Structure formats: structure tokens, C-alpha cells
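**Student:** Sequence and predicted structure are below.
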Amino acid sequence: MSVIVNSVTNEKRKGRLTAFLVLAIAVALIIATPFLPNYYIRVVNGLLIYILLGIGLNIVIGYAGLLDLGFVAFYAVGAYTYALLASPQFDLHLPFFVILAIAIFMGAMTGVLLGIPVLRLRGDYLAIVTLGFGEIIRIIINNVDWLTGGPQGIARIDKPSMFGMDFGKPVEIYWLLLGVVAVIMILVWRLEQSILGKAWSAIREDQDAARGIGINTTNAKLVAFATSASIGSVAGVIFAASQRFVSPESFTLQESILIVLMIVIGGIGNILGIIVGATILILLPEVLRELAEWRILFLGLLMVTLIIIRPAGIIPRSFGPEKLFRRLLGK
């Protein structure tokens, strides 16, 4: 009996030590990033934007079990909302928080508009429709020259300004992104633990059974699409504000596929998995930049290997933030 107790105690100690080590590395990287050259800070900023996008898409794919291949459309809605309301395009220069609120509303409405036609669709049919929706948004942006600037895009976008301070430098955008990612991670994690999150889980497992126990699957799906789209729009606003230039080339199908891959490789339905998946798919190509075109081959082989070895993702759904906290507390 004592041997079993000692074994369990040792496992808990190892788990707590691993959790502390992961947390310490994360804190060290967060603190060290502002002291890096601007190029590396920009790379980290890109990583944080993709983490934000991954968290948003994970609500639809990971929590509600709905495959969305057109998520980049909401990213574009947020980016162009900021570009149109904070640039010489129409000589509008609204405050950052006002545009952010408008972008969140626009994203939610666009998500609902996408959600309504696809409520009865599942699997491959849902994926095809959402893919088409993403391409429709991109084509509209590319062809409505008088509004979006067409293929030339919109330049000279205003710097984000808050509390009398401009956020134009990469390190300033870094702190802004870090704060936004932290807030949205907490909100989404709380949503996952809520009654709505449980409804999404039931829909993911079996929509008919969920409807049978009284869950309004229509409303739950629409809320999932609206919430997901709102987060995508927030990421688009910060992207446009940091780049100060947007064009249709930034919102292609490849971007949607990349975000889906981040979730699949990192761990579907797991915020921690999204961070790991985004880190691998965004930072690894930068590390392998000297290998030129060979880096894509290496990255593809790595993805295939990871999916074969870890079909549930690097961090499975069962190991979420709450389990990490328990490990830290030694429970």
C-alpha cells in the first residue's frame, strides 16, 4: 500500500515540477521579448495574432464541433473595419476603442449571417459552404476598389492610440497584443466552463441527442459563430493597426488552413494546445528560414509525423488550463 502511495506522490511532484517549469519558461520568454531586436518582436507579434485567431476558431471547431474553413473572412472584416475608419481612405480617424467596438459588432453580425444558412449542415457540406464564404469575402474586398482599394489595399493607416499614448513601435504593439490575448484567453476559458460551453460540448458529441435533452442547438450554434467571428475581428483590428497597411493578399484560403492546422496539431478544444500549435507553425519556418524552400518540406513532414504520433494533438483536450493550475497547486 505504501508503495502505491509513494508512487502517486512522486507522480504529483513530477507533474507539479513540470508545470512550474513550463510556467517559468513562459514568463521568462514574455519578459525577455521586449529586449529583442525589432525583427524578432514582430515575429512574436505575428505569433500572438495567430494565437488569437486560433482561440477564436477553436470555439467553432473545438467546442461546438463545426468545421469552419472560412474563418479568415472575419479576420478580414476586422482589419478592413479599422483600415476604413482610421485612414485617409475616407478621411475618417476614429478612436481605437470605438473602432474596436464597431469591429466586434461587425464580426458578430457577419458570424451570424454565416451561421444562419449552415445551421442544418454538417461535416463536408459545412466545410464547403464556409470555405466558399471566405472566398466570397476575399473576392469582394479585391474587387470593390472604391471602398477597399482593391488589390492595392489601404495604406497610411493610423497608429492605435489609447489613453493619450500611441502604440506604433513593435514593442508597444507587443504589450497591447499580450494584454488582449490574456483577456480573451480568460474569457474563452470561462465560456468553456459555463452552461453555454457545456451545450457546445453536447452539440459536438451528438447534435440530435443535445436537441433531445432540451438544448436549443440553433441559438448555441449562432452564439458560437458570433463569438468566434468577434475574436477574429479583434485580431484583424490589431493586425491592421500594427501593419498600417492591409490588402486582400493577407486573407487567403491558406490563412484559414494554417489556423485549422494550428488547432489540429496543438490539440482541438484546448487553449494550451493552440499556443503550442501556433508556436510550432509560426516560429519553426522562421527558425528554418536559411533552408529556403526545403523548410516547407521539413514542416510538412513534421506535421504528418505529429498527427500520426499524436492524433489527438500535442496537448489533448483533457489537459486544459484548469488541470495545469491543479498541477501547480499540487492537487
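**Tutor:** Everything's here; your move.

**Student:** the strands in the stretch 101-250 of the chain, which residues?
**Tutor:** 161-162, 165-166 (DSSP state E, counting those that start in this stretch).

**Student:** what about the residue nearest to S161 when sequence neighbours are not counted, how many neighbours?
**Tutor:** Distances taken as C-beta to C-beta, 6 or more residues apart in numbering put F96 closest to S161, at 5.7 Å, once the chain neighbours are dropped. Glycine gets a C-beta too; all of them are placed from N, C-alpha and C. Close neighbours of F96, defined as other C-beta atoms under 10 Å, add up to 22.

**Student:** Hmm, F96 is touching M162, no?
**Tutor:** Yes. Contact criterion C-beta atoms under 8 Å: F96 and M162 qualify, at 5.6 Å.

**Student:** shaky segments in the stretch 201-331 of the chain?
**Tutor:** 292, 324-325, 327-331 (pLDDT under 70).

**Student:** And the helices in it, which stretches?
**Tutor:** Secondary structure of the stretch 201-331 of the chain (DSSP state H, counting those that start in this stretch): helices located at 207-212, 217-243, 253-266, 271-278, 284-287, 294-309, 321-328.

**Student:** Give me the packing partners of the third one, helices and strands only.
**Tutor:** Under the contact criterion of 3 or more C-beta pairs under 8 Å, 6 or more residues apart in numbering; DSSP states H and E, helix 253-266 touches helix 38-58, helix 72-85, helix 123-143, helix 271-278, helix 294-309.

**Student:** what angle do the third one and helix 253-266 make?
**Tutor:** Same thing as helix 123-143. Interaxial angle of helix 123-143 relative to helix 253-266 (axes from the mean of the first three to the mean of the last three C-alpha atoms, to 10 degrees): 140 degrees.

**Student:** just to revisit the earlier point, right, so the strands of the stretch 101-250 of the chain: which one is the most enclosed?
**Tutor:** strand 161-162 (a mean of 14; mean count of other C-beta atoms under 10 Å).

**Student:** which helices and strands sit right next to it?
**Tutor:** Right, strand 161-162 is packed against helix 96-115 by 3+ C-beta pairs under 8 Å, 6+ apart.

**Student:** Not counting the helix it packs on itself, show me its contacts.
**Tutor:** For helix 96-115, the external contacting residues (C-beta atoms under 8 Å, 6 or more residues apart in numbering) are 70, 73-74, 77-78, 81-82, 85-86, 94, 130, 133, 160-162, 221-222, 224-234, 236-237, 241.

**Student:** can you pull the buried residues of it?
**Tutor:** 96, 99-100, 102-104, 106-108, 110-111, 114-115 (16 or more other C-beta atoms under 10 Å).

**Student:** Could you let me know which of these ends up closest to I25?
**Tutor:** L100 (31.2 Å; C-beta to C-beta).

**Student:** distance of that closest one from Y39?
**Tutor:** From L100 across to Y39, the span is 27 Å (C-beta to C-beta, to the nearest Å).

**Student:** And I231, by the same measure?
**Tutor:** Counting by C-beta to C-beta, the gap from I231 to Y39 is 27 Å.

**Student:** does A209 really touch A202, like I thought?
**Tutor:** Yes. Counting by C-beta under 8 Å, A202 is a contact partner of A209 at 7.1 Å.

**Student:** More neighbours: which of the two?
**Tutor:** Higher neighbour count among A209 and A202: A202, with 20 against 11, using other C-beta under 10 Å.

**Student:** In contact with the nearest residue to the more buried one once chain neighbours are set aside, which residues?
**Tutor:** The shortest distance from A202 to any non-neighbouring residue, by C-beta to C-beta, 6+ apart, is to A210 (3.9 Å). By C-beta under 8 Å, 6+ apart, A210 lies in contact with 199, 202-203, 217.

**Student:** Equivalent analysis for G168, please.
**Tutor:** 159-160.

**Student:** rewinding a little: so which of the helices of the stretch 201-331 of the chain gets nearest L21?
**Tutor:** Closest among the helices of the stretch 201-331 of the chain, using C-beta to C-beta: helix 321-328, at 10.7 Å.

**Student:** which non-adjacent residue is nearest I268?
**Tutor:** Distances taken as C-beta to C-beta, 6+ apart put G62 closest to I268, at 4.7 Å, once the chain neighbours are dropped.

**Student:** Would you check how far apart the one you found and W146 are?
**Tutor:** 39 Å.

**Student:** More neighbours: those two, which one.
**Tutor:** G62 (26 against 7).
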